[in-house]
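Trainee: Next comes the sequence, and after it the predicted model I'd like to discuss.
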Amino acid sequence: MNSWLRQSGTVLRAPWAWGRGLVDELFPSICVTALDSDAGRRWLAEGPGRYCPRCGILCGPYAASARGCAACLKKPVPWQRLVRLGSYQAPLDGWIRDMKFRGHWTWAAWFGSRLAQAVPADGSAAGPAIVCPVPLHWWRRCGRGYNQAHLIAQALASARGWPVVQALRRVRHRPAQSTLPMAQRVANLRGVFRLSQTEVRGRTVWLVDDVKTTGATLSACTHLLKRAGAAQINVAVVAVAEPGR
Ligand SMILES: [Zn+2]
């Protein structure tokens with residue numbers, strides 16, 4: 001990392017994170033090595049035909065239409081379409097954990113640029129699509145130093161020439177979804193998100209996050225964006241956790 005304070009304030013380090021930042025300053029090759037690894041160079045994002053275009057889970061050929069797979073038809077997701085790079089399994093899962101928990105934030109630009117290649121070009125009568133990251137609570141962001149979803153969104157938006165809009169705020173600090181049983185995840189998000197004053201009415205919104213597991217977080221955000229009048233809400237995630245794995 002060459003700067004502790006990045007443009008638009010996406011990388012801000014709390015005092016207790018300075019030690020980690022100092023290591024990055026002194027040994028930037030840690031990040032570079034990860035991005036230039038053989039695995040990283042060889043890895044290719046999967047094609048869109050391998051997963052359900054609504055919920056994003058792996059499914060066989062002829063097992064999903066534009067309306068979704070059998071699971072989606074039974075319980076529809078609130079967003080219109082989903083784009084992903086792969087399943088939450090090796091090597092993606094390790095790279096995502098490095099990005100979130102080991103300070104390897106530069107993975108986010110790599111993920112975002114590849115998602116941009118998978119996202120179809122579209123907009124609405126109100127203008128080009130806008131990119132909205134799933135927000136992180138300020139307390140967690142201080143500890144981590146950045147919101148990885150925001151960094152991914154910035155890279156995606158930059159590649160497509162679309163604006164990043166922080167249409168949502170996370171106003172309550174709750175336990176991380178990944179630490180909770182599936183049954184508690186919807187309740188854990190109650191009242192967590194709020195709409196910002198940003199105008200999304202009539203726009204196509206690409207909601208960006210790192211991982212979709214149950215979809216509870218993305219659903220909560222989608223419902224708010226719909227309430228704000230967004231014309232269409234799509235989802236772009238790095239990885240989807242397959243059910244039962
Ligand atoms: Zn589906």
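Mentor: On my side now, so go ahead.
Trainee: Could you report the neighbour count for Lys74?
Mentor: Lys74: 8 surrounding residues under other CB atoms under 10 Å. Glycine gets a C-beta too; all of them are placed from N, C-alpha and C.
Trainee: ok, now Pro91?
Mentor: 13.
Trainee: got any ranges where this protein has weak pLDDT?
Mentor: 1-42, 48, 123, 126, 177, 180, 245 (pLDDT under 70).
Trainee: The ion contacts on that one?
Mentor: Applying CB under 5 Å from the ion, we find that the chain lies next to the ion at Cys52, Arg54, Cys55, Gly68, Cys69, Cys72.
Trainee: Leaving out the residues flanking it, which one is nearest to the second one?
Mentor: In space, Arg54 comes closest to Gly68 once its chain neighbours are excluded; the distance is 3.4 Å by CB to CB, 6 or more residues apart in numbering.
Trainee: mind listing what that neighbour touches?
Mentor: Cys52, Pro53, Arg54, Cys55, Pro76, Val77 (CB atoms under 8 Å, 6 or more residues apart in numbering).
Trainee: Now do the phi/psi pair for the last one.
Mentor: Val77 has phi and psi values of phi -80, psi 150 when expressed as degrees, to the nearest 10.
Trainee: Can you give me every residue that contacts it?
Mentor: Arg54, Cys55, Gly68, Gly215, Ser219 are the contacts of Val77 under CB under 8 Å, 6+ apart.
Trainee: just the fifth one next, same as before
Mentor: Listed by CB under 8 Å, 6+ apart, the contact partners of Pro76 are Arg54, Gly68.
Trainee: so it, which of the three states?
Mentor: Under DSSP: H, G, I helix; E, B strand; the rest coil, the three-state class of Pro76 is coil.
Trainee: the helices in the protein, which residues?
Mentor: 18-26, 29-35, 38-42, 70-74, 92-101, 107-118, 138-144, 148-160, 185-188, 216-227 (DSSP state H).
Trainee: Deepest-packed of these, please.
Mentor: Stretch with highest mean neighbour count among the helices of the chain: helix 148-160 (a mean of 23; mean count of other CB atoms under 10 Å).
Trainee: Against which helices or strands is that helix packed?
Mentor: Under the contact definition 3 or more CB pairs under 8 Å, 6 or more residues apart in numbering; DSSP states H and E, helix 148-160 sits against helix 107-118, strand 130-133, strand 204-212, strand 232-240.
Trainee: What about Tyr51, how many residues nearby?
Mentor: 23.
Trainee: Quick check: bridge partners of it?
Mentor: Counting by DSSP bridges, Tyr51 forms beta bridges with Leu58.
Trainee: And Asp209, by the same measure?
Mentor: Counting by DSSP bridges, the residues bridging with Asp209 are Val237.
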